[in-house]
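Novice: Fold the following for me, if possible:
(one chain, ligands or ions: 1)
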Amino acid sequence: MFSAHRIIFHRSSTTLRHGFHSSTAGWTAAPFVKIVEVGPRDGLQNEPTPISVATKVELINRLSETGLKCIESGSFVSPKWVPQMAGTSDVLRGIHRMPGISYPVLVPNMRGLEMLEAILLEHPEEPVTEEIAIFTAASEVFNKKNINCSIAESLDRFAPVVEEALKGNLRVRGYVSTVVVCPYEGAIEPERVRDITTKLLEMGCYEVSLGDTIGAATPKSMEKLLNCITAAVPVDVLATHNHDTYGMAVSNVLTALKMGVRTVDSSVAGLGGCPYAPGATGNVATEDLVYALQEEGYETGVDLNHLSGIGQWISSILKRDNSSRVGKAWLARRARL
Ligand SMILES: CC(C)(COP(=O)([O-])OP(=O)([O-])OC[C@H]1O[C@@H](n2cnc3c(N)ncnc32)[C@H](O)[C@@H]1OP(=O)([O-])[O-])[C@@H](O)C(=O)NCCC(=O)NCCSC(=O)C[C@@](C)(O)CC(=O)[O-]
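Specialist: Just a heads-up that it's a prediction; the model follows:
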């Protein structure tokens, strides 16, 4: 379980015209950062208008061509609670899965896992996904509003889900929400997050993503949180999931990377938010993240030009502003060319 940071060798990318062009020049070592693209799930779950299965499938297929290695593709949650995630079965059936990319889905209980298993049985030789994510929170009130149970009940509920998933060769990722501030309870003590993270890892999650659900963290609070958690678990089983409500997300991610985190969640065009976190905006935009990472000397394997076009496309389909500043800069630059 404990592995050294993932270092890859690559041709250094010479950044031309503010990060949108790359060329090759010599061999260097750059730390690789895995991006977990959550746009098709976290990004779409909070949209006010219905989104067709065809649009979801097209979004995932387009994202699959950018170099991303992990694209969260939906949720097997109750459609009464989160209507935008209805149709996840058809989304999984419809996407063109590319080798080397994982397409995880959220599963809140055994019912959700059974729904996924039913699809997996349709083509056992070609599984529609190899990974699920379970999700709880460090705040009792948020957890109750989000999944209708206490934190302890959620862990009890997830234990058999994880056991069954692992038996079926599905990898399991864990999420902890409200890791810094809860919209209902206020500041959260890092020790609470540490203890829940540890329990999820002991249960069998290979990684835990730390959700700053309302985007209220700052570099200082991220550092405090990670110092507390990494005293108990190795940093390479942690990921960060930063919403960008206060414009702090990129700074928070860079802080986490300096502390050794190498997996970061983000959402194309900065889409998203949790329906049970009022006032929170979307995740850090994947375009902003990729730009910051490449300028800071990290490797992501993602084609920023291609991604920026997709961010603009999905924003226009959803009839909303593109929340990615880098995406907007890309559009303005394209207009000038
Ligand atoms: C967990 C439940 C289901 C409990 O909901 P409940 O009402 O307590 O469950 P229940 O077992 O009493 O079932 C109620 C109804 O839902 C059905 N049901 C039950 N389970 C399922 C299922 N899996 N799929 C489809 N339907 C289901 C069940 O069959 C029944 O249907 P009815 O008899 O009324 O017709 C509900 O609270 C729920 O679905 N919550 C989902 C909340 C959610 O998706 N939130 C957003 C994702 S988390 C997030 O965004 C944060 C994160 C991860 O991004 C990190 C961060 O930013 O912090």
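
Novice: When you work out contacts or count neighbours from here on, use the C-alpha atoms and nothing else.
Specialist: Noted.

Novice: Apart from its neighbours in sequence, what residue is nearest residue 208?
Specialist: Leaving aside its chain neighbours, residue 208 sits nearest to residue 174 (4.6 Å; criterion: C-alpha to C-alpha, 6 or more residues apart in numbering).

Novice: Note down every partner strand of whichever strand or helix holds the one you found and its orientation.
Specialist: Per DSSP states H and E: residue 174 is located in strand 171-177. Using DSSP bridges, the strands paired with strand 171-177 are strand 131-137 (parallel), strand 207-212 (parallel).

Novice: Helices along the stretch 51-200 of the chain, start to end?
Specialist: Listed in chain order, the helices of the stretch 51-200 of the chain (DSSP state H, counting those that start in this stretch) span residues 53-63, 88-94, 110-122, 140-147, 151-167, 190-203.

Novice: Can I get those helices in a markdown table including mean pLDDT, distance to the ligand and mean neighbour count?
Specialist: Shown next, in a markdown table, are the helices of the stretch 51-200 of the chain (pLDDT from 0 to 100; distance: least, C-alpha to the nearest ligand atom, whole Å; neighbours: other C-alpha atoms under 10 Å):
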| stretch | mean pLDDT | distance to the ligand | mean neighbour count |
| --- | --- | --- | --- |
| helix 53-63 | 98 | 17 | 19 |
| helix 88-94 | 98 | 10 | 20 |
| helix 110-122 | 97 | 3 | 16 |
| helix 140-147 | 98 | 3 | 19 |
| helix 151-167 | 98 | 9 | 17 |
| helix 190-203 | 98 | 12 | 18 |
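
Novice: Where does pLDDT dip in the stretch 151-300 of the chain?
Specialist: Applying pLDDT under 70 to the stretch 151-300 of the chain flags no residue at all.

Novice: got the residues of it near the ligand?
Specialist: Residues of the stretch 151-300 of the chain lying close to the ligand (C-alpha under 6 Å from any ligand atom) are 175, 177, 178, 211, 212, 213, 274.

Novice: at 5 Å instead, please
Specialist: 177, 211, 213, 274 (C-alpha under 5 Å from any ligand atom).

Novice: Tell me, how many residues neighbour the nearest residue in space to the last one that is not next to it in sequence?
Specialist: Residue nearest to residue 274 in three dimensions, not counting chain neighbours: residue 46, with 6.1 Å by C-alpha to C-alpha, 6+ apart. The local packing count at residue 46 equals 21, with neighbours defined by other C-alpha atoms under 10 Å.

Novice: Can you classify residue 46 by secondary structure?
Specialist: coil (DSSP: H, G, I helix; E, B strand; the rest coil).

Novice: Would you confirm that it contacts residue 278?
Specialist: No - with contact defined as C-alpha atoms under 8 Å, residue 46 does not reach residue 278; the gap is 10.4 Å.

Novice: Save the residues of the stretch 151-300 of the chain next to the ligand as CSV, and put in neighbour count too.
Specialist: Below are those laid out as CSV (neighbours: other C-alpha atoms under 10 Å):
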residue, neighbour count
177, 25
211, 26
213, 30
274, 23
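
Novice: ok, residue 56 touching residue 40?
Specialist: Yes - if you go by C-alpha under 8 Å, residue 56 and residue 40 touch, sitting 6.5 Å apart.

Novice: contacting residues around the one helix or strand residue 316 maps to?
Specialist: Counting by DSSP H and E, the element that carries residue 316 is helix 304-317. Here helix 304-317 makes contact (C-alpha atoms under 8 Å, 6 or more residues apart in numbering) with 19-21, 59, 62-63, 66, 268-269, 287, 290-291, 321-322, 324, 326-327, 330-331.

Novice: Is the residue most central in space within the chain within a helix or a strand, and which one?
Specialist: The centroid of the chain falls nearest to residue 265 when counting by C-alpha atoms, centre = their mean (3.3 Å). Using DSSP H and E, residue 265 maps to strand 263-266.
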